[in-house]
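Novice: Here is a sequence together with a model predicted from it:
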Amino acid sequence: MTFTRLSSTAVVLSADDVDTDQIIPARFLKGTSKTGLGAHLFADWRAQAGFPLLAPEAAGAQILVTGTNFGCGSSREHAPWALVDFGFRAIIARSFADIFKENATKNGLLPIALPEAACARVEQAVRANPKLTLAIDLATQRVALPDGGAFEFAIDPFAKHCLANGLDELGYILAFADRITAHEQRRS
Amino acid sequence: MKRTLFEKIWDAHVVVEEPGRPAVLYIDLHLVHEVTSPQAFAGLAARGLPVRRPERTVATMDHSIPTLPKGLAVVDDAARIQLRTLAQNCAKHGITLHDADSEHRGIVHVIGPELGHTQPGMTIVCGDSHTSTHGAFGALAFGIGTSEVEHVLASQCLLQKKPKTLEVRFEGALRPGASAKDLVLAMIAELGVGGATGHVIEYTGPAIRALDMEGRMTVCNMSIEAGARAGMIAPDDVTFAYLRGRAHAPAGEAWDAAVARWRELHTDDGARSDRTVVIDASAIEPMITFGTNPGMGIPITAVVPSPDDATDPAQRAALAKALRYMGLSPGEPLLGRPIDVVFIGSCTNARLGDMRAAANVMRGRKVAPGVRVLVVPGSQDVKRAAEAEGLDRVFRDAGAEWREPGCSMCIAMNGDAIEPGQYAVSTSNRNFEGRQGRGGRTFLASPITAAAAAVTGRVTDVRTLAGGAR
């Protein structure tokens, strides 16, 4: 799945260290396919009154704005599968856990790490007006607010290349088949 | 050129590194289980690709499998299909599978080392974040997602950006009552759950050298709980003594050559990690978690911290939310708090030494009335060895359940779960909300602290248990 530009409303999930057991509890990991997990996204938090992702004004939001260390814990790729299936295409956070970040980019879900002040500003704007549209441009690595405010984000150049072009990482690796064979012969 | 342990292993496994691209890293050992592999095998099938090196791939059934005696029902149809899918995929691709009938089946991070698959200097991956466990042998071992499982199945390689390194040096010696589990819980409390993100940890210092291999595995296992994908310990004579004679370890002349090679696997004098943290092991008390992530840990004699003491507003909110979920108040002690369940098991603490430690506390005692105690050995080999020593009798006589191996109540996928609102003292690795069962509340601790809670029915300082360990 490629990612170039995204204009969408956003929803704020105000929490740090959101672990993948919350994103998709383990009892939903018994399937053998990648589809249909959106129905179980944050399954245990959904039951709580006022859970922001289910608020009427959050409907259709493709951007999630959250705290530090998002996606910590288990390596389950079911977490980005569930987020994408629910409708998210980008996550703006103070920081991400390593494995989650890797898994997200492999599924066309853009992890955007912004400093605290920028995140707080985005959160404030979304809270003040839930209908507000954020514009994300991967080419220029910018998140823009309608009032003209904009924040640049860093992204690994290869991850950017893969997202922008839908590059198949396995294809990239397999193109080096001869080198892999040579490595195996050298080491054995 | 002075290099760290990590750099030596990394350099030896880089197949290709193009400018501006992550390295293509060769993987020596790929461990597979039923939960994170079906979609990867399906991806291979869709592309018509074979598994490149089935002999470097080892599979087991651990997450969804029942821990009740063999033949009893799998928890539901979905789990049954998942287990069957793994069996079919392994048969199709010629991958060794430790299924329900295997006498060596067990938790993936218990059987890898036990069977001698895990060796110093290797790169090891698995679709499981606790793959960091294998770093205890001086391997570079880390968890990966299912897309990456597919990459490794097809190519025996992964695309990896070189991580930074963090040395965590434990000075001094652990005191009685404190174990490897307490050491790593104390570290995570200090670093925080995201404190080592982007880093590979190398554990050093006298307190690490003094640990046996099982203790070292417990420490490396929880590296991920501080955000580090991998944790590692340079191999030494303790490592070699553990490995010698294991089924898949080198033998004869190959053994001597391997040991000579493995002795080079240490950080050179003068090589520097990107960061260093020093912790005094002699100051570590038995630890317990009070909150909803593994960084929320305190010495067992301490009181529950107050959100008001947190300087950062986000931290204050997180603490308040955790205490609400846990049903705890700031300033209250955990000691003496009644508990409902004790779980002794998981890839963190289900090896023979853990079983012995827990049995030593429970021997001749009874499980407190109303408390459910589940003891789940990490593998069939651990189970047999424990039974040969009569440890199963100790647990059963006390009133605990002695189960078949598996992940069990650590992840609560197989039917072993705590009930909403219940409190469990657990030797596992995660106290996230609902991790051990929807609405369940987890206190993470060492095997002896868990065993002490089993016999008193309360959070207990094992050092004060009358009669101590027996």
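Specialist: Happy to help now that I have it.
Novice: what about B:Glu433, distance to chain A?
Specialist: Remark: distance between B:Glu433 and chain A (C-beta to the nearest C-beta, to the nearest Å) = 6 Å. No exception for glycine: its C-beta is placed from N, CA and C like everyone else's.
Novice: Leaving aside the residues adjacent along the chain, what's closest to that residue?
Specialist: B:Thr292 (5.2 Å; C-beta to C-beta, 6 or more residues apart in numbering or on different chains).
Novice: cool, and B:Tyr203?
Specialist: B:Ile233 (5.0 Å).
Novice: How confident was the prediction at that neighbour?
Specialist: At B:Ile233, the model reports a pLDDT of 98.
Novice: Pull up the residues of the stretch 251-400 of chain B that are close to chain A.
Specialist: Contact residues, the stretch 251-400 of chain B versus chain A (C-beta under 8 Å from any C-beta of the partner chain): B:Asn293, B:Gly295, B:Ala314, B:Gln315, B:Ala317, B:Ala318, B:Lys321.
Novice: which element is the fourth one on?
Specialist: With elements taken from DSSP states H and E, the one containing B:Gln315 is helix B:313-326.
Novice: and if you look at the first one?
Specialist: Per DSSP H and E: B:Asn293 is located in neither a helix nor a strand.
Novice: Go through the residues of the stretch 251-400 of chain B next to chain A and say which is closest to B:Ala400.
Specialist: Taking C-beta to C-beta as the measure, B:Ala400 lies nearest B:Asn293 of these, at 27.8 Å.
Novice: check which helix or strand covers the closest residue to the closest one other than its chain neighbours.
Specialist: Once flanking residues are discounted, B:Asn293 sits nearest to B:Val193: 4.8 Å by C-beta to C-beta, 6+ apart. Using DSSP H and E, B:Val193 sits within no helix or strand.
Novice: Give me the pLDDT value at B:Val193.
Specialist: B:Val193 is given a pLDDT of 97.
Novice: can you tell me which residues contact it?
Specialist: Residues near B:Val193 by C-beta atoms under 8 Å, 6 or more residues apart in numbering or on different chains: A:Asp17, A:Asn69, A:Cys72, B:Glu225, B:Ala226, B:Gly227, B:Asn293, B:Pro294, B:Gly295.
Novice: go again using 6 Å as the cut-off
Specialist: By C-beta atoms under 6 Å, 6 or more residues apart in numbering or on different chains, B:Val193 lies in contact with A:Asp17, A:Cys72, B:Asn293, B:Gly295.
Novice: Which one of those residues is nearest to B:Ser329?
Specialist: Among the contacts of B:Val193, and counting by C-beta to C-beta, the member closest to B:Ser329 is B:Asn293, at 18.9 Å.
Novice: Using PDB, list the CA coordinates for stretch B:406-424.
Specialist: The C-alpha trace of stretch B:406-424 is given here as PDB (Å, rounded to 0.1, in the frame of the first residue of the first chain):
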ATOM      1  CA  GLY B 406       3.000 -23.600  27.200                       C
ATOM      2  CA  CYS B 407       2.700 -19.800  27.400                       C
ATOM      3  CA  SER B 408      -0.500 -20.300  29.300                       C
ATOM      4  CA  MET B 409      -1.600 -17.500  31.600                       C
ATOM      5  CA  CYS B 410       1.200 -15.200  30.500                       C
ATOM      6  CA  ILE B 411      -0.900 -14.300  27.500                       C
ATOM      7  CA  ALA B 412      -4.200 -16.000  28.200                       C
ATOM      8  CA  MET B 413      -4.800 -17.300  24.700                       C
ATOM      9  CA  ASN B 414      -5.300 -21.000  25.500                       C
ATOM     10  CA  GLY B 415      -8.100 -20.800  28.100                       C
ATOM     11  CA  ASP B 416      -5.800 -20.300  31.100                       C
ATOM     12  CA  ALA B 417      -6.800 -16.800  32.300                       C
ATOM     13  CA  ILE B 418      -7.600 -14.800  35.400                       C
ATOM     14  CA  GLU B 419     -11.100 -13.400  36.000                       C
ATOM     15  CA  PRO B 420     -12.000  -9.800  35.800                       C
ATOM     16  CA  GLY B 421     -11.000  -7.900  38.900                       C
ATOM     17  CA  GLN B 422      -8.800 -10.700  40.200                       C
ATOM     18  CA  TYR B 423      -5.300 -10.100  41.400                       C
ATOM     19  CA  ALA B 424      -2.500 -12.400  40.300                       C
END
